[in-house]
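Asker: dropping a prediction and its sequence here:
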Amino acid sequence: MDILPDGRPDDDGNGCTQIANDPDGYLYDYEEFTPEISGVYTYYDLYEEEETIDIWFSIYQGGFEPVDPLANCLANFDDEGQIYLQAGVTYTIMISTLEPGEPCGCYGEGFAFLFMTLGSGSASVDACIYPLPTNAVVYQIPAGAPVFYQPDLATQLPWALPAGTWYITDFSGDFAHVWIACTGQQIWVPTNAVYIPQ
């Protein structure tokens with residue numbers, strides 16, 4: 001990863017007006033994507049659960065310029081946030097370390113986060129970050145289901161998976177592992193919400 005030459009956004013919300021800059025700099029990476037559905041997209045930082053780097057999340061309409069981190073910036077968040085995105089528009093996600101410096105006082109290595117909207121459709125990116133596993137099987141979740149980021153009741157997220165047909169890759173205890181899209185990490189739902197033909 002490279003170091004941002006002129007800091008990162010530091011508003012923690014929609015709108016980008018402030019910059020956090022430090023002589024030690026912030027590690028960063030970015031990726032362009034184009035949603036196929038309009039809607040509210042939700043972001044969660046999973047660094048504590050996955051023991052990865054504590055990150056700062058920024059989203060841009062169009063491209064990202066490291067030398068001008070506020071240009072085209074729509075929103076930036078610490079641990080979680082939501083933003084409405086329009087189908088067919090190209091956006092850029094920029095992830096940076098929360099703390100400056102290298103190794104940045106990191107909790108662990110790598111970035112772990114959820115960024116998704118729920119419904120039919122997907123987002124196209126230059127590279128599929130989370131490709132569909134070859135062992136995925138299609139199942140019905142006829143009444144929808146609460147969502148968890150680990151197979152543990154203590155990790156419930158504040159939204160639900162809509163009723164429909166979903167790819168499931170594996171089961172762990174009372175939970176099923178659901179694949180959403182190339183741009184979103186897998187989530188867990190209770191196994192009793194899944195219709196499993198006998």
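Answerer: Here it is on my side, so go on.

Asker: now the end-to-end length of stretch 149-159.
Answerer: Taking C-alpha to C-alpha, to the nearest Å, stretch 149-159 runs 11 Å from one end to the other.

Asker: which residues of this structure fall in helices?
Answerer: Assigned by DSSP state H, the helices in the chain fall at 47-50.

Asker: pull out the buried positions in stretch 189-196.
Answerer: 189-191, 193-194 (16 or more other C-beta atoms under 10 Å). Where C-beta positions appear, they are placed from N, C-alpha and C, glycine not excepted.

Asker: for this protein, what helix or strand is lowest in average pLDDT?
Answerer: strand 123-125 (a mean of 44; mean pLDDT, DSSP states H and E).

Asker: what's the local residue count around residue 36?
Answerer: For residue 36, the neighbour count with other C-beta atoms under 10 Å is 12.

Asker: any idea how far it is from residue 3?
Answerer: Remark: distance between residue 36 and residue 3 (C-beta to C-beta, to the nearest Å) = 33 Å.

Asker: what residue ranges in the protein score low on pLDDT?
Answerer: Along the chain, segments meeting pLDDT under 70 span 46-51, 102-130, 182-184.

Asker: outline the domain layout of it.
Answerer: Domain assignment for the chain by automatic domain parsing gives 2-117, 137-193.

Asker: possible to save those as CSV with distance to residue 131?
Answerer: Listed next are these as CSV, based on distance: least, C-beta to C-beta, whole Å:
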stretch, distance to residue 131
domain 2-117, 14
domain 137-193, 7
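
Asker: which residues touch residue 143?
Answerer: 163, 193 (C-beta atoms under 8 Å, 6 or more residues apart in numbering).

Asker: measure it to residue 170 for me?
Answerer: Distance from residue 143 to residue 170, by C-beta to C-beta: 22 Å.

Asker: same check on residue 58?
Answerer: 33 Å.

Asker: have a look at those two and say which one is more surrounded.
Answerer: A direct count of neighbours by other C-beta under 10 Å for residue 58 and residue 170 places residue 58 higher, at 26 against 14.

Asker: test my guess that residue 165 contacts residue 136.
Answerer: No. With contact defined as C-beta atoms under 8 Å, residue 165 does not count as touching residue 136 (11.8 Å).

Asker: that'll do, ta.
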